[in-house]
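What shape does this take:
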Amino acid sequence: MTDTIPIIVLGFLLGMRHATDPDHVIAVTTIVSRQASAWRAALIGTLWGIGHTVTIALVGGAIILFGLVIPPRVGLAMEFSVALMLILLGILTLTGTMQRVTGMLASWSGPAGIHSHPHTHDDYVHTHTHAHGPEAHGHPEDTTPLSRLDRLLGGLGLYQAIRPLVVGLVHGLAGSAAVALLVLATIRDPWWAIGYLLLFGVGTIAGMMLITAAIGVPFAYTARRSVTIHRYLGLASGLLSLGFGLFLAFQIGLVDGLFTSHPRWTPE
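I've put the predicted structure just below:
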């Protein structure tokens, strides 16, 4: 047991290093490129890390506890999902689609006068009879469930918070097999191995939080000082995500054989 503890602690440091993988950094860069606050960028990194840890724990835990074997084509498909995610993030960033959708969802409201229709408080949509004057509204703006959630999320907004969480889940899906197999090679006790996975996840969360905070600094600075430079930085992050995603798709789909009759997959 005493020999296992240092290995588990090492998992935290390896988790922090895992956060620096190029596909991880590129993905979160496209997400934080629209942020004007390093704190919100760090929050995005934390949410990405949480999503990543959830998938690592679930899939990696299944591999460790139940001896789950992932066929090469399935493993390649999980990694191909990361390529698709990077391509999608690049397109959304370049076109500004996600920003427009978020703005529409957050700002939709109806005509003036007393009436009943669905309306929003930040990201919260509900229906009740009301007027748009402050004295006639049925309840305070800050008492709706998603307004409270947005405050908890540091003003990031529910729709913006979901995106890094989902991206982290996808990245965790692609990396779970490699991490689990690495653990099995060094830790024979399954419960200690699960503990390693969890500490690895905590390290990944901490590492990504620091990385996104650092990435968010130039975006936050240019958002306040130069809108043009800020826009070009966002454009560059979108192009990088799209280009790297297309490269991964080619590598996994054709070179590694996902779309051929002889797939070759070694978890890394």
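
what sits against the most centrally placed residue in the chain?
Among the residues of the chain, the one closest to the centroid is residue 164, at 2.5 Å (C-alpha atoms, centre = their mean). Residues in contact with residue 164, defined by C-beta atoms under 8 Å, 6 or more residues apart in numbering, are 28, 31, 44, 45, 47, 48, 51. Where you see a C-beta, it was placed from the backbone N, CA and C, and this is true even at glycine.

Reformat those as TSV; add pLDDT.
Shown next, in TSV, are the contacts of residue 164 (pLDDT from 0 to 100):
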residue	pLDDT
28	93
31	90
44	93
45	94
47	95
48	96
51	95
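
now, which of those lie within helices?
Among those, the members falling in helices (DSSP state H) are 28, 31, 44, 45, 47, 48, 51.

Can you verify my assumption that the last one contacts residue 173?
Put plainly, it is residue 51. No: the pair residue 51 / residue 173 is not scored as a contact, 9.8 Å apart, by C-beta atoms under 8 Å.

so what's the residue nearest to the centre of the chain scoring on pLDDT?
Per-residue confidence (pLDDT) for residue 164: 92.

Can you classify it by secondary structure?
Under DSSP: H, G, I helix; E, B strand; the rest coil, residue 164 falls in the helix class.

Could you point out which of the contacts of residue 164 is nearest to residue 244?
Nearest to residue 244 among these is residue 28, at 12.8 Å by C-beta to C-beta.

Tell me who's in contact with the closest one.
With C-beta under 8 Å, 6+ apart, residue 28 has these contacts: 44, 45, 48, 164, 167, 208, 211, 212, 215.

show me the contacts for the fifth one.
By C-beta under 8 Å, 6+ apart, the residues touching residue 167 are 27, 28, 31, 48, 51, 85, 89.

Kindly report the same for the first one.
Taking C-beta under 8 Å, 6+ apart as the criterion, residue 44 is in contact with 28, 31, 32, 35, 156, 160, 161, 164, 212, 216.

what about the second one, how many neighbours?
Pointing back at residue 31 there. Applying other C-beta atoms under 10 Å, we find 25 other residues in the vicinity of residue 31.

how close does it get to residue 22?
15 Å (C-beta to C-beta, to the nearest Å).

now the helices: where do they sit in the chain?
Remark: helices assigned in the chain by DSSP H are 4-18, 22-32, 38-66, 72-95, 97-107, 145-152, 158-186, 190-225, 227-250.

ok, of the ones you listed, where does mean pLDDT dip lowest?
helix 145-152 - the lowest mean pLDDT of those, at a mean of 50.

With distance to residue 8 added, can I get the contacts of residue 28 in JSON lines?
Formatted as JSON lines, the contacts of residue 28 follow (distance: C-beta to C-beta, whole Å):
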{"residue": "44", "distance to residue 8": "28"}
{"residue": "45", "distance to residue 8": "23"}
{"residue": "48", "distance to residue 8": "23"}
{"residue": "164", "distance to residue 8": "27"}
{"residue": "167", "distance to residue 8": "27"}
{"residue": "208", "distance to residue 8": "20"}
{"residue": "211", "distance to residue 8": "23"}
{"residue": "212", "distance to residue 8": "26"}
{"residue": "215", "distance to residue 8": "29"}
